[in-house]
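Novice: Next input, structure requested:
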Amino acid sequence: MFDVIRVADDRLNLTIGGKLDSDEAAQLIAALFRHSTGIRQGRMLIDIDGFDLPTFGGLKVELARLPDLWHLSRQFAHAALLADETWLRGLGNVESKLMPGLVIKSFRKDQRYHAETWLQSVMHDAERLIPRNDT
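Specialist: The predicted model follows:
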């Protein structure tokens, strides 16, 4: 099960739960690309609910699209990861170190308010860094 919602010009909310098979993995990747069109220096809230490792077919789909997913990740500057599983939050921290230009901060699911606040604060920080042409 998954859901991808574009909540702002520069923001996606992604919810993932259960076990993804090859069809669902392909649909998820297509939805991510469709909803990410035009996003630059974006933000994403990733809510993982009852995660199960994908099926072998789902993994094959993800691996086959890895270069595209890498390119897609470069459209985002910040991601907040919500997960109850400690190992998933740890994986998010490792991925943040492996993906230049993308900061992933992990939160427990009961810290959603903090995750939302952090995403909002990085948006305002980015707005201050954008040069303005005030004449």
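Novice: so where's the protein uncertain?
Specialist: Within the chain, the segments meeting pLDDT under 70 span 53, 124-135.
Novice: mind listing the strands for it?
Specialist: Along the chain, counting by DSSP state E, strands occupy 2-8, 11-18, 42-51, 76-82, 103-107.
Novice: Pick the most deeply packed of those.
Specialist: Among the strands of the chain, ranked by average contacts under mean count of other Cβ atoms under 10 Å, first place goes to strand 76-82 (a mean of 23). For glycine as for every other residue, the C-beta is placed from the backbone atoms N, C-alpha and C.
Novice: Let's have the strands of the chain in TSV, adding distance to residue 97.
Specialist: Below are these laid out as TSV (distance: least, Cβ to Cβ, whole Å):
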stretch	distance to residue 97
strand 2-8	25
strand 11-18	20
strand 42-51	17
strand 76-82	13
strand 103-107	9
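Novice: Residue 70: which of those is closest?
Specialist: Closest to residue 70 of these is strand 76-82 (Cβ to Cβ; 11.7 Å).
Novice: relative orientation of that closest one and strand 42-51 in degrees?
Specialist: Counting by axes from the mean of the first three to the mean of the last three Cα atoms, to 10 degrees, strand 76-82 lies at 30 degrees to strand 42-51.
Novice: Strand partners (parallel or antiparallel) of strand 76-82?
Specialist: strand 42-51 (parallel), strand 103-107 (parallel) (DSSP bridges).
Novice: what residues does it touch?
Specialist: Here strand 76-82 makes contact (Cβ atoms under 8 Å, 6 or more residues apart in numbering) with 12, 36, 39, 41-48, 88-89, 92, 101-109, 111-112, 115-116, 118-119, 122, 126.
Novice: From residue 45, how far out is residue 21?
Specialist: Residue 21 sits 24 Å away from residue 45 when distances are taken as Cβ to Cβ, to the nearest Å.
Novice: Quick check: which of the strands of the chain is nearest to residue 67?
Specialist: The stretch from the strands of the chain with the least distance to residue 67 (Cβ to Cβ) is strand 76-82; that distance is 16.3 Å.
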